[in-house]
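S.K.: whatever this is, show me its structure:
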Amino acid sequence: MIIYTHNDCLKKFNGNGHPERKERLESITNSIKSSNLKVKFKEAPLADLDIISLVHPKKHIEKIFSNIPKDGIVGVEQEPYADTMLCPYSKKAILRACGAGVAAVNGLMKNNERAFCAVRPPGHHAETLRANGFCFINNIAVSAKYLQKRYNINKVAIIDFDVHHGNGTQEIFYKDQSVVYGSSHEFPLFPGTGAENETGVGNIFNATLKAGIKGKDFIKIFDQKILKPIDRFKPEVILISAGFDAHKRDPLANINLESEDFFNITKNIVDIANTHSEGRVISFLEGGYDLQALSESIIEHLNALKTHI
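M.R.: Below is the predicted model:
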């Protein structure tokens, strides 16, 4: 198991009191290092703009980078809703977060290495031409497109158990039959997308969850509405948008998963990968804003990824 990360991802600053903060990543890496997990850490490279442009036009990315301030922070959305922030260290953090996925794809396809991308900023809210929801580049979407272009993979499944709907990932692949996107999320909740009648070209599967749902019912819905159609799709590779904000401790949502629920969720995903995808899985950190929940949940997630190879 490889963990891709980089210190540049710790330098991005979103302002005091912002939930997407460096301590999230520190809590994860510290938890992994103090655990009994046998993993190898590798530095995430900077993503190449040509690879990013498989999803996002170069002019769009260059415009984002041109707005990076020399000091302080600026929001990319209209006030008073700006919470997707740029600081002087943003460019390298954004490129490392995307580059982790590209490196993970190469390791997976060349050496059969499963990987977790412990990076920030996250990516699943980033649309083709819009940064939002703390996200600038859709890291998992770029990795999916890179998989297809570089390694001739025809069928990719993206499974998203972040508590917020991945509006960006859905938008990018909404009319792409070669990529299936399945998302479980509290509804209604930011970003307001992800209704179950949003089905793309039969490749989008949304499981809407009511506030207060607990692990047993969550997993039942997740298996039925997300994993069953993905099992039928028979993906060649599975990519996971791993948000841990459906945890009962998380301050930004109202789903009541326990840390150990993330083991079972992940194990069920890996079972499909072992059946259809030669065990090929890469996971990407998305949300999760309570540090204790992150520290505990990441170990459960990685244990399931690692022990079910």
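
S.K.: list the contacts for Q292?
M.R.: Taking C-beta atoms under 8 Å, 6 or more residues apart in numbering as the criterion, Q292 is in contact with 27, 249. In this view, the C-beta of every residue, glycine as well, is placed from N, C-alpha and C.

S.K.: next up, phi/psi of it, please.
M.R.: phi -70, psi -40 (degrees, to the nearest 10).

S.K.: so how far is V163 from it?
M.R.: The spacing between Q292 and V163, counted by C-beta to C-beta, to the nearest Å, is 16 Å.

S.K.: also C135?
M.R.: Distance from C135 to V163, counting by C-beta to C-beta: 15 Å.

S.K.: cool, and F262?
M.R.: To V163, F262 is 12 Å away according to C-beta to C-beta.

S.K.: okay, and K220 sits in which element?
M.R.: helix 215-222 (DSSP states H and E).

S.K.: and stretch 18-33, what's buried?
M.R.: Within stretch 18-33, the residues scored as buried using 16 or more other C-beta atoms under 10 Å are 19-22, 24-25, 27-29, 31-32.

S.K.: to clarify, my last question referred to stretch 271-290.
M.R.: Within stretch 271-290, the residues scored as buried using 16+ other C-beta under 10 Å are 272-273, 276-277, 279-290.

S.K.: which of these fall in helices?
M.R.: 272-273, 276 (DSSP state H).

S.K.: centroid residue for the protein?
M.R.: The centroid of the chain falls nearest to S241 when counting by C-alpha atoms, centre = their mean (3.0 Å).

S.K.: could I get the buried residues of stretch 18-33 as TSV with distance to I153, secondary structure and pLDDT?
M.R.: Below are the buried residues of stretch 18-33 laid out as TSV (distance: C-beta to C-beta, whole Å; DSSP: H, G, I helix; E, B strand; the rest coil; pLDDT from 0 to 100):
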residue	distance to I153	secondary structure	pLDDT
P19	34	coil	97
E20	30	coil	98
R21	35	coil	98
K22	33	helix	98
R24	30	helix	98
L25	29	helix	98
S27	33	helix	98
I28	28	helix	97
T29	29	helix	97
S31	32	helix	98
I32	28	helix	97
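
S.K.: closest to D176 out of the residues you listed?
M.R.: Using C-beta to C-beta, E20 comes nearest to D176 of these, at 28.0 Å.

S.K.: the closest one against V119, yeah?
M.R.: No: at 11.9 Å, E20 and V119 do not qualify as touching, with contact defined as C-beta atoms under 8 Å.

S.K.: and V156, how close does it get to D162?
M.R.: 18 Å.

S.K.: thinking N167 is in contact with G133, fair?
M.R.: Yes: the pair N167 / G133 is scored as a contact, 7.4 Å apart, by C-beta under 8 Å.

S.K.: give me the common contacts of those two.
M.R.: Joint contacts of N167 and G133 (C-beta under 8 Å, 6+ apart) are 124-125, 191.

S.K.: what's the following helix or strand after the helix holding K220?
M.R.: Sequence-wise, the next helix or strand downstream of helix 215-222 (DSSP H and E) is helix 228-233.

S.K.: any idea of the mean pLDDT for that next one?
M.R.: Regarding helix 228-233, the rounded mean pLDDT is 98.

S.K.: can you start the count at 38 instead of 1 from here on
M.R.: Will do, 38 is the new start, and the previous item becomes helix 265-270.

S.K.: mind giving me the packing neighbours of it?
M.R.: strand 193-197, strand 216-223, helix 298-313 (3 or more C-beta pairs under 8 Å, 6 or more residues apart in numbering; DSSP states H and E).

S.K.: ok, and the closest non-adjacent residue to F210?
M.R.: Closest residue in space to F210, ignoring its immediate chain neighbours: V216 at 4.3 Å, by C-beta to C-beta, 6 or more residues apart in numbering.
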